[in-house]
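1. Sequence isn't available, so here's the structure alone:
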């Protein structure tokens, strides 16, 4: 690995961590799309800031652009308050308009601005190591490393200082205002941090991919854990992994670094989405199937319990009576037999003692409808789950 | 070329006519279907879908190697639909919320698309130039066959819309009721979503991936302000959309290096701002005027009520009182007294006022109305 390569990976990892932290809170607060809005809407701020400072990494420009981000949030909220359109429409109207202004400003001043539209969408991570910070002739490393380092440091300090407040206001706004932490201050604080992060990361990864770096690690870890601290930790790990793996993927394909970082994030998300224990797609589908079968079993047992006459309990009759397909009836019958709930004699089905006991408890559950009953019953009675 | 020249050329120049017709038709179909997206609270779905279409374009190019826009848009349609249904799957099957699902699909698909685009750009043999027109759109690249496809799709869409009008409408406003009536809500839902995705994909060439969602939303959001009837809203949104398309194309064609997408979006945004402010029913201006009028009205009535309170105990209601005694009450000014006099509720002579019979009745009636409303 050459020196610039290490620097690129370092910058990418810093960006990923700095994005992942506010991203977690945005996802939990159901404001994930605000990051999308901010990342587009800061473009005019960046362009105007660039006219003034002539330097993409100047702190003034970052400040100006971050203010544009907060203005976007205020604008969206103002439009929402007029009740003329729904919330999501307000977001959808504001940011394309601001982004368009930015694109047009760039296009009209193409000669003065060293920004092109591709850079806006993709960032220029590959060139980041060549823009050095020189203090009285001494090379202190790439500028964006310093910018992102500062942004990350501020984010971390704020996170440690206000972790408790953020946690409370994220999960229970009412409680948080009752305890004296103004949700409004925290809301705008989070928005400002997100804006600053987006602006800082903009240079490196571009307008749209910064959204991926914010949302994807948080969403992925949200599928794996329900603990805020673990979620933050996991998001940071996913972010850093995607940054480094993405760099090497880009190196191998000779393609955009930020694009391949996002692709790695996408692959991680896809894997977790499919295979996450208990919250992943396969787990959910399996659980739904299991529950469907168990409910069928209870329906079936209740039916048996209701009828003492033999012709009602004849195997062939069951199909038409409960209106099940053959395969399903067979599955339920097997399932019940396996659990020793029923007995089949001469094609007539009857409940065993265990089956009767279970049915009575199930009826009780249906009458009281309290969830804690049924799980416990299932554990006691089922030898095999559905 | 100035804008007037553009419109003069419009009737003589074949290319300009094609492009203008294309953007007009595009604006119309987006407005029509956008109305449904806005009312179904799926405004941002358009954003996600348009971004999600990018890898489809790149993959279609990688597989076929052609730049034929129909093939590329077919790829965009497929990947847009995959994105849409993945979003739905995420929302229904996991505990991720709508906004997270939308943001994920938007950014992940787009990132993958950008990876492919940069990969294609570095391929040695590819005639790849021009794929990035799909980012911000370039109306100038529209050719007759593109416009024909747009017109055909718009026609089919209009036909389906009219055919299923009742179903779309009822699903829009009361999905549960629709289900109990026995309609196949899933089918209607998928149908309308499919057409929304189709409209977005059609616009990619003209407006581009990044800003396409705005063309879907803005005309509909503007039209919503003028009417409460779905039919009229769809019609109005189509008109707004068509005008945004034509004006935006005209402006961007008359300037150097301006992509069409941003200009069309800004024109549409102007329509929205205008509608927000000036629509008579819901607009901010008239709402403010109504507020002011009500406030003024309320103050007049307050003064009148106060006078009524004084007069009530007198036998002769028109017995004059000094204006001075109103002093401890803040609801009156010279102007409001004059207005009261103009309404013939009071008469003023010198420093004294007297309630008329009409004013007395009015004030009395006000109390009654209050009681009635309670």
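-> Cool, got the structure. None of these values were measured; they are calculated from a predicted model.

2. Spatially, what comes nearest to the residue in the stretch 51-200 of chain B positioned nearest to chain A if we skip its sequence neighbours?
-> When distances are taken as C-beta to the nearest C-beta, the stretch 51-200 of chain B reaches nearest to chain A at residue B:111, 2.4 Å away. Yep, even glycine has a C-beta here, placed from its N, CA and C like the rest. Closest residue in space to residue B:111, ignoring its immediate chain neighbours: residue A:262 at 2.4 Å, by C-beta to C-beta, 6 or more residues apart in numbering or on different chains.

3. Next up, the contacts around that neighbour.
-> By C-beta atoms under 8 Å, 6 or more residues apart in numbering or on different chains, the residues touching residue A:262 are A:209, A:212-213, A:216, A:242, A:246, B:107-108, B:110-112, B:114-115.

4. One more: residue A:313?
-> With C-beta under 8 Å, 6+ apart, residue A:313 has these contacts: A:304, A:307, A:348-350.

5. Separate out the buried members of these.
-> Neighbour counting over the contacts of residue A:313 (16 or more other C-beta atoms under 10 Å in any protein chain shown) leaves A:304, A:349 as the buried ones.

6. domain ranges for chain B?
-> What the record gives for chain B is the domain set B:3-282, B:292-373, from automatic domain parsing.

7. and the strand or helix carrying residue B:245, what's its mean pLDDT?
-> In this assignment (DSSP states H and E), residue B:245 forms part of helix B:230-254. For helix B:230-254, the mean pLDDT works out to 90.

8. Give me the distance from the helix or strand just after that helix to the chain's centre.
-> Toward the C-terminus, helix B:230-254 is succeeded by helix B:260-278 as the next helix or strand (DSSP H and E). Offset of helix B:260-278 from its chain centre (C-alpha atoms, centre = their mean, to the nearest Å): 10 Å.

9. can you check stretch A:313-332 too?
-> With C-alpha atoms, centre = their mean, you get 43 Å for stretch A:313-332.

10. quick check: mean pLDDT across it?
-> For stretch A:313-332, mean pLDDT rounds to 73.

11. Tell me the buried residues in that stretch?
-> Those would be A:313, A:317-318, A:324, A:329, A:331-332, for stretch A:313-332 by 16+ other C-beta under 10 Å.

12. How about stretch A:350-370?
-> So stretch A:350-370, judged by 16+ other C-beta under 10 Å, has buried residues A:351, A:355, A:358-359, A:361-362, A:365.

13. which residues sit against it?
-> If you take C-beta under 8 Å, 6+ apart as the criterion, stretch A:350-370 is touched by A:298, A:301-302, A:304-305, A:313, A:336, A:339-343, A:373-374, A:377, A:381.

14. same deal with stretch B:146-162?
-> B:18, B:21-22, B:25-26, B:28-29, B:32-33, B:69-70, B:168, B:191, B:195, B:198-199, B:202, B:205, B:234.

15. Return the members of those classed as buried.
-> B:18, B:21-22, B:25-26, B:28-29, B:32-33, B:69, B:168, B:191, B:195, B:198-199, B:202, B:205, B:234.

16. contacts with chain A among those, please.
-> Within the set of those, contact with chain A (C-beta under 8 Å from any C-beta of the partner chain) is found for no member.

17. So which of those residues belong to helices?
-> If you go by DSSP state H, those have B:18, B:21-22, B:25-26, B:28-29, B:32-33, B:69, B:168, B:191, B:195, B:198-199, B:202, B:205, B:234 in helices.

18. Would you mind pulling up the elements that the helix or strand encompassing residue B:87 packs against?
-> Here residue B:87 sits within helix B:69-93, counting by DSSP H and E. If contacts are counted by 3 or more C-beta pairs under 8 Å, 6 or more residues apart in numbering or on different chains; DSSP states H and E, helix B:69-93 sits against helix A:281-306, helix B:43-64, helix B:98-121, helix B:144-163, helix B:185-207.

19. With mean pLDDT added, can I get these in CSV?
-> What follows is the helices and strands packed on helix B:69-93, written out as CSV (pLDDT from 0 to 100):
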stretch, mean pLDDT
helix A:281-306, 84
helix B:43-64, 89
helix B:98-121, 89
helix B:144-163, 90
helix B:185-207, 89
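
20. Tabulate those helices (TSV), appending distance to residue B:306.
-> Formatted as TSV, the helices and strands packed on helix B:69-93 follow (distance: least, C-beta to C-beta, whole Å):
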stretch	distance to residue B:306
helix A:281-306	67
helix B:43-64	49
helix B:98-121	52
helix B:144-163	58
helix B:185-207	58
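
21. between these, which gets nearest to residue B:253?
-> Minimum separation from residue B:253 across the helices and strands packed on helix B:69-93 (C-beta to C-beta) falls at helix B:185-207, 12.0 Å.

22. what does the stretch 201-350 of chain A have sitting close to chain B?
-> A:208-209, A:211-212, A:214-216, A:218-219, A:222-223, A:250, A:253-256, A:258-263, A:265-266, A:269, A:273, A:279-281, A:284-285.

23. Swap in 7 Å and give it another go.
-> Selection of the stretch 201-350 of chain A residues close to chain B by C-beta under 7 Å from any C-beta of the partner chain yields A:208-209, A:211-212, A:215-216, A:219, A:222-223, A:253-256, A:258-260, A:262-263, A:265-266, A:269, A:279, A:281, A:284.

24. Inside helices: which ones of the residues you listed?
-> A:209, A:211-212, A:215-216, A:219, A:222, A:253, A:258-260, A:262-263, A:265-266, A:269, A:281, A:284.

25. follow-up on the earlier one: please report the distance of the residue of the stretch 51-200 of chain B closest to chain A from residue A:95.
-> 18 Å (C-beta to C-beta, to the nearest Å).

26. Quick check: which ranges of chain A have low pLDDT?
-> In the predicted model, chain A carries pLDDT under 70 at residues A:1, A:56-57, A:110-119, A:318-319, A:321-323, A:371-374, A:385-386.

27. In it, what residue lies closest to chain B?
-> Closest point on chain A to chain B, by C-beta to the nearest C-beta, is residue A:262, at 2.4 Å.

28. From residue B:353, how far out is that residue?
-> Here residue A:262 is placed at a distance of 76 Å from residue B:353 (C-beta to C-beta).

29. Check residue B:268 too.
-> 55 Å.

30. same thing with residue A:379?
-> 85 Å.

31. okay, these two: which has more neighbours?
-> residue B:353 (23 against 9; other C-beta atoms under 10 Å in any protein chain shown).

32. Quick check: beta-bridge partners of that one?
-> For residue B:353, the beta-bridge partners are residue B:321, residue B:348 (DSSP bridges).
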